[in-house]
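[1] coords below, sequence missing:
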């Protein structure tokens, strides 16, 4: 039976781990009630689109990089076991906004961040310099909700999502509320998200929709569509630039997605994707859709005074390149784990980030 580990980070105090031996869960004692949301970055492992609230591992240095919802950057050693006792070290600040997906650029070593306020940004770890790479596309259309990204190891191009035309607002708790923007977009029932690519080597550098045949690597990019419970595949490098559905009718709404490369030493190993299901299927949302435009307008108005009724729910699923479900781990009532927004497999551990939690988790596979 796989054991789930939670690694809670209390910011700024109480940043050590301890083990609950009965449940195999590592938690942090004395978490502050308003601790910042953390997401773990495991660099040097390029994966597909997600990278919303990303989880990645730097296998070269055995380090975690963690951005909280207020823009502070931390680092910590990757634990060998849940009983490891590393310290969390604050190493930088990426400015006001809400950092979401991020990766270490394989060519420059800089931290590339999707920030819902500032757009696509770059943070230089050595000099602590922050640069805005793109806050609008080539046609002058603002990037209002930069959400997730992935980087081509071959070309250095940065693929990222701009999820909605409704920008996150600063809430009463002092952080930018990306969940409310997502819910309001879902109430509209419109597909306003888009996929962009930033080419740092282009002259001038640009952010634009990707085109087919950008190189000859014959790769594709997968992305989750959070309001439709499906995952798409874009044939970015094929002659016709086709788009197809990888999997549809999911039991909830997908967020993060990451690629698992087949193990060439194992005959049974195949290329696959891990998908994070952030919330379960919502009968309320379905009823609002069926009620038409007026029902969606009323629901959007009510959301301004009544928090959205989101039940705790935890699920990740592994899907083959043909859309076949290979593995599912779930906590349908969210008692142990919920709100999973990012997922990635590294060295037989499944790392997970959480949109509303103050911890990251890993599952021993």
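    In hand now; what should we look at? Nothing here was measured: the structure is a model prediction, and the numbers come from that model.
[2] Touching, residue 253 and residue 276? I think so.
    No: assessed by C-beta atoms under 8 Å, residue 253 is found out of contact with residue 276, at 9.9 Å. For every residue, glycine as well, the C-beta is placed using N, CA and C.
[3] Which of the two has more residues huddled nearby?
    Shown here are residue 253 and residue 276; by other C-beta atoms under 10 Å, residue 276 has more neighbours (30 against 23).
[4] For that one, what is the enclosing helix or strand?
    Element membership of residue 276 [criterion: DSSP states H and E] is strand 272-280.
[5] which helices and strands sit right next to that strand?
    strand 252-260, strand 314-320, strand 340-346 (3 or more C-beta pairs under 8 Å, 6 or more residues apart in numbering; DSSP states H and E).
[6] Name the residues of it that are buried.
    Neighbour-count burial for strand 272-280, counted by 16 or more other C-beta atoms under 10 Å, picks out 272, 273, 274, 275, 276, 277, 278, 279, 280.
[7] so for that strand, what's the average pLDDT?
    Averaged over strand 272-280, pLDDT sits at 86.
[8] between that strand and strand 314-320, how many degrees?
    Relative orientation of strand 272-280 versus strand 314-320 (axes from the mean of the first three to the mean of the last three C-alpha atoms, to 10 degrees): 150 degrees.
[9] List the neighbouring strands of strand 272-280 plus their orientation.
    Strands that pair with strand 272-280, judged by DSSP bridges, come out as strand 252-260 (antiparallel), strand 314-320 (antiparallel).
[10] thinking again about what came up before, let me have the helices and strands packed on strand 272-280 in TSV, extended by mean pLDDT.
    Shown next, in TSV, are the helices and strands packed on strand 272-280 (pLDDT from 0 to 100):
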stretch	mean pLDDT
strand 252-260	83
strand 314-320	89
strand 340-346	83
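[11] okay if I get those as JSON lines plus distance to residue 163?
    Listed next are these as JSON lines, based on distance: least, C-beta to C-beta, whole Å:
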{"stretch": "strand 252-260", "distance to residue 163": "10"}
{"stretch": "strand 314-320", "distance to residue 163": "20"}
{"stretch": "strand 340-346", "distance to residue 163": "12"}
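[12] Which one, of these, ends up nearest to residue 98?
    strand 340-346 (12.6 Å; C-beta to C-beta).
[13] Any buried residues in that closest one, and which?
    Buried residues in strand 340-346, counted by 16+ other C-beta under 10 Å: 340, 341, 342, 343, 344, 345, 346.
[14] do the same with stretch 65-79
    Neighbour-count burial for stretch 65-79 flags 65-76, 78-79 (criterion: 16+ other C-beta under 10 Å).
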